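In: with the input below, show me the fold.
(one chain, ligands or ions: 1)
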Amino acid sequence: MIFRRKLTQTLSIFAISTTLVLTACSTNPVSGKKDFSLISKDQEVQMGKQAHQDVLKKQRPYNNTRLQSYVSSIGQQLASKSHRSNIRYTFTVLDDPSVNAFALPGGYVYVTTGLMAYLNSEGELAGVLGHEIGHVTARHGVQQASAGMATSLLVDLIAKKAGSNSKILTQLNSAMLSGYGRKHELEADRLGAEYLAGVGYSPNNMIDVIGVLKAQEVYASRQKGSSGGSYHGVFSSHPSNDQRLQEVVGAAKNIKSAGTRPANRDAYLKQINGLTFRISKDKTGRIVVGNIKTVGLTFEQLAGKSVLNADQLRLLNGRYPDGRLKQGELIKIVK
Ligand SMILES: [Zn+2]
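Out: Numbering: from 1, shown residues only. As a prediction, the model looks like this:
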């Protein structure tokens with residue numbers, strides 16, 4: 001969220017400072033309809049390329065080629081089934097403890113180690129990547145940047161005519177921008193579910209991943225002094241109770257290949273074994289994946305082997321607030 005605001009500013013400034021070519025309308029790859037967008041496809045790809053360099057200046061990619069290519073291969077499969085398979089996609093795991101994922105216009109998708117630690121299957125990872133690809137295919141970033149440019153032009157124009165009432169106009173400008181949030185997130189969820197189904201995963205993985213994020217929010221709000229607010233934090237109720245979300249994700253179940261491929265929980269956990277994990281501000285540990293051998297073992301007992309407490313372990317394994325351990329399953333702890 002914070003990132004997006006900065007990005008919009010960067011893009012607006014970038015686009016204005018280069019060429020203000022008014023391409024006016026271009027076709028949206030998702031809807032097939034004409035979009036009000038001031039940015040052409042070539043400009044978009046160019047903007048993305050430049051912004052990608054900026055991201056890599058500020059944030060380090062995670063130093064593990066095996067994990068990078070694992071994430072990339074899943075991302076590429078999803079992108080090939082998307083509405084915009086004609087652009088080149090780049091997937092990058094960032095070495096960043098915050099729980100986040102984002103996309104730049106032109107096909108640049110990022111997921112943090114912080115978020116990957118909390119995911120519990122390949123299907124959930126695909127859900128995150130599919131959602132971000134959805135932002136790219138529906139040109140949300142471009143539309144937002146365009147809206148910023150357009151309204152600031154509008155503000156200039158009206159302010160000259162209407163005198164000095166620019167305060168109201170500035171508010172109107174920011175209202176227009178922030179108004180996109182819920183609508184675009186829901187559309188990205190719909191598209192993500194579609195792409196998930198396209199490569200064979202169940203669209204339910206999209207609901208699961210939003211559940212993981214919702215649990216983060218609930219946990220954070222129960223901790224003293226923490227305000228919560230996470231990546232994709234736009235749901236007031238739990239995702240399983242959100243009717244619009246259920247509808248848009250449910251539609252993807254009609255796609256023939258939906259659910260023909262398992263979520264691959266164990267394969268994913270093995271991939272993230274050893275992943276870096278921030279325990280506290282100045283302490284870093286690693287994810288250790290192991291088998292539950294003892295019958296009836298509790299998260300409280302498991303916490304004795306980890307630096308995390310029982311609730312933090314539940315959260316890490318997608319079992320917060322009251323999930324249990326099953327004998328024989330793989331589970332994550334942090335050491
Ligand atoms: Zn999003």
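In: point to the residue nearest the middle of this structure.
Out: In the chain, the residue lying closest to the centroid (CA atoms, centre = their mean) is residue 101, at 3.8 Å.
In: these two touch, right, that residue and residue 132?
Out: Yes. The criterion here is CB atoms under 8 Å, and residue 101 meets it with residue 132 at 5.6 Å. For every residue, glycine as well, the C-beta is placed using N, CA and C.
In: now for these two: what residues contact both?
Out: The contact sets of residue 101 and residue 132 overlap at 109-111 (CB atoms under 8 Å, 6 or more residues apart in numbering).
In: secondary structure added to those, as TSV?
Out: Shown next, in TSV, are those (DSSP: H, G, I helix; E, B strand; the rest coil):
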residue	secondary structure
109	strand
110	strand
111	strand
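In: closest to residue 276 among those residues?
Out: residue 111 (13.9 Å; CB to CB).
In: can you read off the pLDDT for the nearest residue to the closest one once chain neighbours are set aside?
Out: If the residues on either side of it in the chain are set aside, residue 111 comes closest to residue 101, at 4.4 Å by CB to CB, 6 or more residues apart in numbering. Note on residue 101: pLDDT of 92.
In: what about residue 101, distance to the ion?
Out: Computed as CB to the ion, to the nearest Å, the residue 101 to the ion distance reads 8 Å.
In: same question for residue 87.
Out: According to CB to the ion, residue 87 stands 19 Å off from the ion.
In: which helices and strands does the strand or helix carrying residue 333 pack with?
Out: Assigned by DSSP states H and E, residue 333 belongs to strand 330-334. With contacts defined as 3 or more CB pairs under 8 Å, 6 or more residues apart in numbering; DSSP states H and E, strand 330-334 has these neighbours: helix 265-272, strand 283-291, helix 310-316.
In: out of the ones you listed, which one sits most buried?
Out: helix 310-316 (a mean of 20; mean count of other CB atoms under 10 Å).
In: and it, what does it pack onto?
Out: Helices and strands touching helix 310-316, by 3+ CB pairs under 8 Å, 6+ apart, are helix 113-118, helix 204-222, helix 299-303, strand 330-334.
In: quick one: closest of those to residue 142.
Out: helix 204-222 (23.2 Å).
In: do that closest one and the ion meet?
Out: No. Counting by CB under 5 Å from the ion, the ion is not contacted by helix 204-222; separation bottoms out at 10.3 Å.
In: off-centre distance for that helix?
Out: Centroid separation between helix 204-222 and its chain, computed with CA atoms, centre = their mean, to the nearest Å, is 13 Å.
In: how about the very next helix or strand once past it: buried residues?
Out: Sequence-wise, the next helix or strand downstream of helix 204-222 (DSSP H and E) is helix 243-251. The neighbour-count check on helix 243-251 (16 or more other CB atoms under 10 Å) flags 245, 248-249 as buried.
In: go on, stretch 91-108?
Out: By neighbour count on 16+ other CB under 10 Å, the buried set for stretch 91-108 is 91-94, 96-97, 99-108.
In: okay, and which of those residues map to helices?
Out: Using DSSP state H, no member of the buried residues of stretch 91-108 falls in helices.
In: nearest to residue 334 among these?
Out: residue 97 (11.8 Å).
In: if we can go back for a sec, distance to the ion, neighbour count and pLDDT for the shared contacts of residue 101 and residue 132 - can I get that in CSV?
Out: Formatted as CSV, the shared contacts of residue 101 and residue 132 follow (distance: CB to the ion, whole Å; neighbours: other CB atoms under 10 Å; pLDDT from 0 to 100):
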residue, distance to the ion, neighbour count, pLDDT
109, 11, 25, 96
110, 12, 24, 95
111, 12, 26, 96
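In: give me the contacts around stretch 111-118.
Out: With CB under 8 Å, 6+ apart as the criterion, stretch 111-118 contacts 62, 71, 91-101, 125, 128-129, 132, 212, 216, 231, 272, 275-278, 287, 315-316, 318, 332.
In: please redo it, this time with the cut-off set to 6 Å
Out: With contact meaning CB atoms under 6 Å, 6 or more residues apart in numbering, stretch 111-118 is reached by 62, 93-101, 128, 212, 272, 275-277, 287.
In: any idea how far apart the tips of stretch 80-95 sit?
Out: End-to-end span of stretch 80-95 (CA to CA, to the nearest Å): 26 Å.
In: any idea how far the closest residue to residue 319 other than its chain neighbours is from residue 292?
Out: Spatial nearest neighbour of residue 319, chain neighbours left out: residue 299 (7.4 Å); criterion: CB to CB, 6+ apart. Distance, residue 299 to residue 292, using CB to CB, to the nearest Å: 11 Å.
In: more neighbours, these two?
Out: Using other CB atoms under 10 Å, the more surrounded residue of residue 299 and residue 292 is residue 299, with 24 against 15.
In: as TSV, the helices and strands packed on helix 310-316 with mean pLDDT would be great.
Out: Formatted as TSV, the helices and strands packed on helix 310-316 follow (pLDDT from 0 to 100):
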stretch	mean pLDDT
helix 113-118	97
helix 204-222	91
helix 299-303	97
strand 330-334	98
